[in-house]
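Undergrad: Pasting the sequence and the predicted coordinates here, then a few questions.
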Amino acid sequence: MESITGSNLQIIENCVNFARKFLLLPNTLNYYFDDCPSERFPTIVNACESNKKELFFNKTWFLQRTTDHRDDLEFFIFHELRHVHQLYSIELFINGQPCKDTPEIITIWKQEFDGYVRNTGGASQNANVSQEVEIDANAYAQCLLNLLHIDDDADLMLSLPEEASRLSMPRFQEYCRTKPEIRNYIAAHNFKKRQEQLQQQNMVLRKNEPIRKGKKIGANDKCPCGSGKKFKYCCRNKGIYD
C-alpha cells in the first residue's frame, strides 16, 4: 500500500473539493494505492474501497483510467466519497450531531454496513449492488459527475454493471428533482450562465452602437479653432471638427 501523490492525488482532490459542496466529509481524508491482485483487490473488478477517513484505490485500475476513461475514474471517486458521507453521517447521528439525511435513512445505512456484502465476483455482484448504500452511492455519484461536467457536451460513459445502472438510474433522476443541494446548484449555475449571456449580448450591442458626435457645425458658423473665419473657409473637410 502506498500514499497517492502528484497528478494522481490532484485528480482525487479536485473531486473531493467539489464533493464538499454537497456531502458531509471529515476535514482530513487520506488516499492510498493498493496493488492488484492483493487481499483488498483480488481482481480488476474491485476498483476502490473506503472507510470514514481513508480511500483505497486499485492501482492498476486507477492508472488505466487517468488517460483513457477520466469520467469513470471521477465517478468512482464520487461513489466512494458518498460512502464516506454515509459512514460519517452514521457516526454523527450516533453522537447526536446534525446530519443532512433523515434518521430513517441513516438507520438503514447502519444496518447495511453492519452486514455489508462485498463484491467478490459471481453472484455476489448482484447482492452487492442491490444494497441501499450502493444504490444511493451510485445515484449520488452520477449526480455529482453530471454537475461537475454540467457545461460539457461529451457523453459521460461509466463502467457500472448493468444491474447497478438499472437500480441507480431512477434514484439518480429522483435526486436531481428532490435534493435541495443539487437543485440549488443547478439553479445558481443557470442563473450565472444567463447573466453571462446577457452581459455578452450587451457587449455586442455596445460594440455595434454608432459613434455619437457633438452638435454639427454649420458652414457659416465661426470655426471652432478660433481663427475668426467661417468654418467653410477654415477647417471644414480637414477631419478636425467634422
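TA: Structure received. Residues are numbered from 1 along each chain as shown.

Undergrad: can you list contacts of stretch 16-34?
TA: Outside stretch 16-34, the residues within contact range by CB atoms under 8 Å, 6 or more residues apart in numbering are 1-4, 9, 12, 40-41, 52-59, 62, 77-78, 81-82, 84-85, 88-89, 92, 99-100, 140, 143-144, 147-148, 181-182, 185. C-betas here are computed from N, CA, C, even on glycine.

Undergrad: Pull out the buried residues from these.
TA: Using 16 or more other CB atoms under 10 Å as the burial test, the contacts of stretch 16-34 include 4, 12, 40-41, 52, 55-59, 62, 77-78, 81-82, 84-85, 88-89, 92, 99, 140, 143-144, 147-148, 182, 185 as buried.

Undergrad: Just the ones in strands from those residues, please.
TA: Using DSSP state E, the members of the buried ones among the contacts of stretch 16-34 that fall in strands are 55, 56, 57, 58.

Undergrad: Centre-most residue in this structure?
TA: residue 148 (2.0 Å; CA atoms, centre = their mean).

Undergrad: what's the spacing between the nearest residue to that residue once chain neighbours are set aside and residue 104?
TA: Distance criterion CB to CB, 6 or more residues apart in numbering; nearest residue to residue 148, sequence neighbours excluded, is residue 18 at 5.7 Å. Separation of residue 18 from residue 104 (CB to CB, to the nearest Å) stands at 28 Å.

Undergrad: Pick out whichever of the two has more residues nearby.
TA: The residue with more neighbours, out of residue 18 and residue 104, is residue 18; 18 against 8, by other CB atoms under 10 Å.

Undergrad: Report the secondary structure element holding that one.
TA: If you go by DSSP states H and E, residue 18 is part of helix 6-19.

Undergrad: What of residue 110?
TA: Per DSSP H and E: helix 103-114 holds residue 110.

Undergrad: And the helix or strand following that helix, what does it pack against?
TA: Along the chain past helix 103-114, the next helix or strand (assigned with DSSP H and E) turns out to be helix 124-129. Judged by 3 or more CB pairs under 8 Å, 6 or more residues apart in numbering; DSSP states H and E, the packing partners of helix 124-129 are helix 132-148, helix 162-178.
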